[in-house]
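K.L.:
Next comes the sequence, and after it the predicted model I'd like to discuss.
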Protein chains: 2
Amino acid sequence: MHRETDRDLRDRAKKVLPNGVYGHQSTALLPGAYPQFFSKAKGAYLWDADGNKYLDFMCAYGPNLLGYADERVNKAAIEQLARGDAMTGPSSLMVELAEVMVDMVSHADWAMFCKNGTDATTMAKTIARAQTDRRVILVAAGAYHGSAPWCTPRPAGVIADDRAFVETYEYNNIESLESAVAAAGDDLAAVFAAPFKHDAFTAQALPDPAYAQRARALCDETGAMLIVDDIRAGFRLARDCSWEAIGVRPDLSTWGKSFANGLPISALLGADRARKGAASIYATGSFWFSAVPMAAALETLKILRETDYLEHIVRLGDYLREGLDEAASKAGLPFNQTGPVQMPLFLFDDDPDFRIGFAWSEAMLRRGIYVHPWHNMFFCQAMSEHDMDLTITAAIEAFEDVKHNMQTLEPHPVVAKMVSS
Amino acid sequence: MHRETDRDLRDRAKKVLPNGVYGHQSTALLPGAYPQFFSKAKGAYLWDADGNKYLDFMCAYGPNLLGYADERVNKAAIEQLARGDAMTGPSSLMVELAEVMVDMVSHADWAMFCKNGTDATTMAKTIARAQTDRRVILVAAGAYHGSAPWCTPRPAGVIADDRAFVETYEYNNIESLESAVAAAGDDLAAVFAAPFKHDAFTAQALPDPAYAQRARALCDETGAMLIVDDIRAGFRLARDCSWEAIGVRPDLSTWGKSFANGLPISALLGADRARKGAASIYATGSFWFSAVPMAAALETLKILRETDYLEHIVRLGDYLREGLDEAASKAGLPFNQTGPVQMPLFLFDDDPDFRIGFAWSEAMLRRGIYVHPWHNMFFCQAMSEHDMDLTITAAIEAFEDVKHNMQTLEPHPVVAKMVSS
């Protein structure tokens, strides 16, 4: 069989896909050596179209929670595929899955399933407005809640009306939240919050519990809905909503990416306080009730409940964070790891145009470790301590590479333009 | 194994899903005997949770184009599942699939893939606005283009701003289209059109070629984008865009439901004329580049090109239409079949609250034939002439049933309320 190279595929893609590859998996904002196309994925590893193998710290930008092509999950999916997937109505799996998620997620009394994370956040917004009969939606400035016109980070094709009554506050900043709530007056429908600050191109921040509690209290006082957007972090921080650990229960939470280990399904979970709104809206999709992803989700959630996947990825994350800090410190480089250890972001201090981070990431890639220079990463259950050791070894060399080339590093042309604008 | 009954499942669903089942597959607006949950689907047949078997004329509301659990498509899906599905970037299958669709669909120069039909229609709207730097989107009154706030048929939770600059015209009505275009002035971004009128609760209508040609000419004159929403009809009317047969090529067309025979994928296809807009927007989703549905789509499209599936479903559709017309005429009932024969809608004349149609549909269901009383239906390749004979035999009896009970029929309570409001 003739294998297409990444180069060939990019050339062909440019003709039949606008800009080549679009969206969050485009390599347009990654170092030049990053491959665009992949041919295989198994466990914690990924092979590009040219056959190069990588330990993958992106985990498909989240969906890979247990390991790629996990045999337990794929077996459940394949068995269901023979019985039925998209049918003229749902299967019993939809009821079971709703029961399991409501059981696992403390704040939830009901569930709705959909396909994209954006479906869940858009439904949450619509339900909040329906429930409260108000309009203002508060989101943290810079937070990503999806790519629909009301929330996409890029304005092309979006008109002002698409964003009407969507206002911002500063994450972890109580004063800013209070003043946004006050400005909304009696028209406040909802406050969105990521479980921690995981915005692109900037250091991550854990949630200040006082901020989370204040958000809850303000929603209680005003009757607005508190929405935790757990699409990116869901089930990587807890076997529950990510804010359960800090004792704050939202009215709605949005889920996606990982809970079927990569099969396409997302969800909106809600408390009884939001049930009337949820029951009133119309939202649906051709594949929202498909049984195969639900079978995969049931198997994935069973594994999450019955294994130490969470403790395992936290242990590996701690180990890696310490190892990398030590290596960076020995190299004398201002390496800055932020966010939960199992969802880390690696930046360098004093690297405004990301030239150091890009060079280091590319040096890691050349050594078979796929890290991202400006987006948070993800651990999966299939990763091992040996993988962490490989990563630390590669990092030691990559730090030396960067030091050696520091004077000649150039910024990525597109990123440099973006940063300066 | 204990089998849950439909009744049990509905009771459980009410607790953990708002209203029980939501969206287009809820049975809330169907006759009381219609099952809500299904346990199995194979070929043209479907089994409900209680084990009753039906010849299924809904085909999952479209996705089932070849036959449920088609072994050719499922084999391709299962093989790809072992290689990789959602990964940190796309596989070569995305390029191949774009090439195949661009090759099959005459107006298309490029493709974008997504998950929901609503993703494709929303991207089409956004791209049209980006391409033209204008705002007004014309849609035919009563047409369904998805369930996002800008297009959902139910207003709960939707604010006026969500619909700003979305205006309506009458399908097949040139004067109405011309006056909507004139009203938009120099702010016209796009005209949406379904390939034929397939609105719920009303007779279907084939497109008047003069209307389609006028829509094209008006878009050419004004620089607006013509968008054919082929999500429901795609590849059931042609191996090309559905308007190719009447010689009208849109700038953008939206696809979904059927082109991976039920695996979750949708698409937006565009001409070079819309490429700049497409390249400028940001739209993405966690599972949009997943390789398994693309493998299924490639296999499905290969079957569409290499078999007579289309001629087969048209032949069966003609046969059924004639057989049902004859049976209705013998029974003396004003049975009204509209739309393409392979996507029929069955209504009764002089049945304003649908009581006759509901009774007849329920009588068909009791005889193992799943028809829909107010939504267009779908044929699939797995259907046979024998299936049509079974349907005609059931229909003869169902017409007699309805005649016999005509004086005592009651309207469906929710539908009656809806119709009277």
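P.N.:
Happy to help now that I have it.

K.L.:
Could you report the pLDDT at residue A:170?
P.N.:
pLDDT for residue A:170: 98.

K.L.:
Please name the nearest non-neighbouring residue to it.
P.N.:
residue A:176 (3.9 Å; CB to CB, 6 or more residues apart in numbering or on different chains). C-beta: built from backbone N, CA, C; applies to glycine.

K.L.:
just residue A:174 next, same as before
P.N.:
Nearest non-adjacent residue to residue A:174, counting by CB to CB, 6+ apart: residue A:214, 4.9 Å away.

K.L.:
My read is that that neighbour contacts residue A:178, right?
P.N.:
Yes: Residue A:214 is in contact with residue A:178 according to CB atoms under 8 Å; the separation is 7.3 Å.

K.L.:
circling back: and the residue nearest to residue A:170, which of the three is it?
P.N.:
Following DSSP: H, G, I helix; E, B strand; the rest coil, the label given to residue A:176 is helix.

K.L.:
how many neighbours does it have?
P.N.:
Residue A:176 has 17 neighbours, counted by other CB atoms under 10 Å in any protein chain shown.

K.L.:
Looking at residue A:214 and residue A:178, which one has more neighbours?
P.N.:
Comparing residue A:214 with residue A:178 by other CB under 10 Å, the one with more neighbours is residue A:214, at 18 against 14.

K.L.:
can you pull the pLDDT of the more buried one?
P.N.:
We note a pLDDT of 98 for residue A:214 in this prediction.

K.L.:
ok, and for the host helix or strand of it, which residues are buried?
P.N.:
Taking DSSP states H and E as the definition, residue A:214 sits inside helix A:209-222. Buried residues in helix A:209-222, counted by 16 or more other CB atoms under 10 Å in any protein chain shown: A:211, A:212, A:213, A:214, A:215, A:216, A:218, A:219, A:222.

K.L.:
ok, now which ones touch the third one?
P.N.:
With contacts defined as CB atoms under 8 Å, 6 or more residues apart in numbering or on different chains, residue A:213 is in contact with A:246, A:247, A:248.

K.L.:
got a winner among these for most neighbours?
P.N.:
The contacts of residue A:213, ranked by neighbours (other CB under 10 Å): first place residue A:248, 23 neighbours.

K.L.:
wait, what's in contact with the residue lying closest to that residue once chain neighbours are set aside?
P.N.:
In space, residue A:248 comes closest to residue A:212 once its chain neighbours are excluded; the distance is 4.3 Å by CB to CB, 6+ apart. Applying CB under 8 Å, 6+ apart to residue A:212 gives the contacts A:193, A:243, A:246, A:248.

K.L.:
quick one: the residue nearest to residue A:170 from residue A:286, how far?
P.N.:
Distance of residue A:176 to residue A:286, given as CB to CB, to the nearest Å: 40 Å.

K.L.:
and what of residue A:357?
P.N.:
Distance, residue A:357 to residue A:286, by CB to CB: 41 Å.

K.L.:
What ranges does the stretch 101-250 of chain A have for its helices?
P.N.:
Listed in chain order, the helices of the stretch 101-250 of chain A (DSSP state H, counting those that start in this stretch) span A:117-132, A:174-184, A:209-222.

K.L.:
The second one packs against which elements?
P.N.:
The helices and strands touching helix A:174-184, judged by 3 or more CB pairs under 8 Å, 6 or more residues apart in numbering or on different chains; DSSP states H and E, are strand A:136-140, strand A:166-169, strand A:188-193, helix A:209-222.

K.L.:
Residue A:357 and residue A:286: who's more crowded?
P.N.:
The neighbour count for residue A:357 versus residue A:286, taken as other CB under 10 Å, is higher for residue A:286 (28 against 25).

K.L.:
So which residues of the stretch 251-400 of chain A form strands?
P.N.:
Along the stretch 251-400 of chain A, the segments classed as strands by DSSP state E, counting those that start in this stretch run A:252-255, A:266-270, A:335-338, A:345-348, A:369-370.

K.L.:
Can you list the low-confidence ranges for chain A?
P.N.:
Residue ranges of chain A with pLDDT under 70: A:1-3.

K.L.:
Outline the domain layout of it.
P.N.:
Split into domains by automatic domain parsing, chain A comes to A:6-61+A:308-420, A:71-306.

K.L.:
Highest mean neighbour count out of these?
P.N.:
The highest average neighbour count among those, using mean count of other CB atoms under 10 Å in any protein chain shown, belongs to domain A:71-306 at a mean of 22.
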